[in-house]
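Sequence and predicted structure are below.
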Amino acid sequence: MNNKKWIFVMSGVLAVVVLYFLINNETKSYTSHTFGSFHVEEKGHHIEPGKYMEMWVVGYNSEENEENRKQYKVYIKDANVFNLIEESRNYLMSFTNEESLDRYYVQQISPPNSENLTGEGR
C-alpha cells in the first residue's frame, strides 16, 4: 500500500512540473530571409554617446519584380562588417527577426565572389 501511495504522489509532482513548463514556455517565432542578390540602397547609423550604437542598411531583393519588391531595414551588430558594406551594391544576405521585436538582424552577408562576413563585434 505504501508503494502505491508513493507512486501516486510522484506522478502528481511530475504532472505539476510538466504543466508548469508547458504553461510558462515562451515560444519565440523567427522569420528568416536569404537573398542571393540583396541590393543595398542606403546605410545609416545612430549613436548615443556612452549608451549604444545602431547600424543598419536598407535594401531589397534585386531579383524580385519591381511591383513586388519589399524593402527591408536590416540591423548590423558588428561595426567592422558595417564598414565593409557599400551602397548601390548587391550582396548575398541572410537575416532573421523576432516577430515581437519587428527588427531584422544580419546573420551572414557576402559580396559577390568573396568571403562571408559575420560577427557579433565581441
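On my side now, so go ahead. Numbers count the residues shown, from 1 in each chain.

Spell out, range by range, the helices that occur in the chain.
Remark: helices assigned in the chain by DSSP state H are 2-24, 79-84.

if we compare those helices, which one ends up closest to His33?
Distance to His33, taken as Cβ to Cβ, is lowest for helix 79-84 among those, at 17.3 Å. In this view, the C-beta of every residue, glycine as well, is placed from N, C-alpha and C.

elements contacting the closest one?
strand 52-61 (3 or more Cβ pairs under 8 Å, 6 or more residues apart in numbering; DSSP states H and E).

now what about the strand it packs on, what contacts it?
Applying Cβ atoms under 8 Å, 6 or more residues apart in numbering, the set of residues contacting strand 52-61 from outside is 35, 37-47, 69-77, 79, 82, 85, 93.

rerun that using 6 Å as the cut-off
Outside strand 52-61, the residues within contact range by Cβ atoms under 6 Å, 6 or more residues apart in numbering are 35, 38-47, 69, 71, 73-76, 82, 85.

Any of these buried? List them.
Buried members of the contacts of strand 52-61, scored by 16 or more other Cβ atoms under 10 Å, are 35, 38-40, 43, 74-76, 82, 85.

Give me the subset of the residues you listed lying in strands.
35, 38-40, 43, 74-76 (DSSP state E).

Need the nearest residue in space to the residue nearest the centre of the chain, chain neighbours excluded.
By Cα atoms, centre = their mean, the chain has its centre lying nearest to Thr96, at 3.2 Å. Spatial nearest neighbour of Thr96, chain neighbours left out: Ser32 (4.5 Å); criterion: Cβ to Cβ, 6 or more residues apart in numbering.

and the gap between the one you found and Asn90?
19 Å (Cβ to Cβ, to the nearest Å).

quick one: which of these two has more around it?
Asn90 (17 against 10; other Cβ atoms under 10 Å).

For the residue nearest to the more buried one when sequence neighbours are not counted, list the residues it contacts.
Sequence neighbours aside, Ser37 is the residue nearest to Asn90 in space, at 4.7 Å (criterion: Cβ to Cβ, 6+ apart). The contact partners of Ser37, by Cβ under 6 Å, 6+ apart, come to 62-63, 90.
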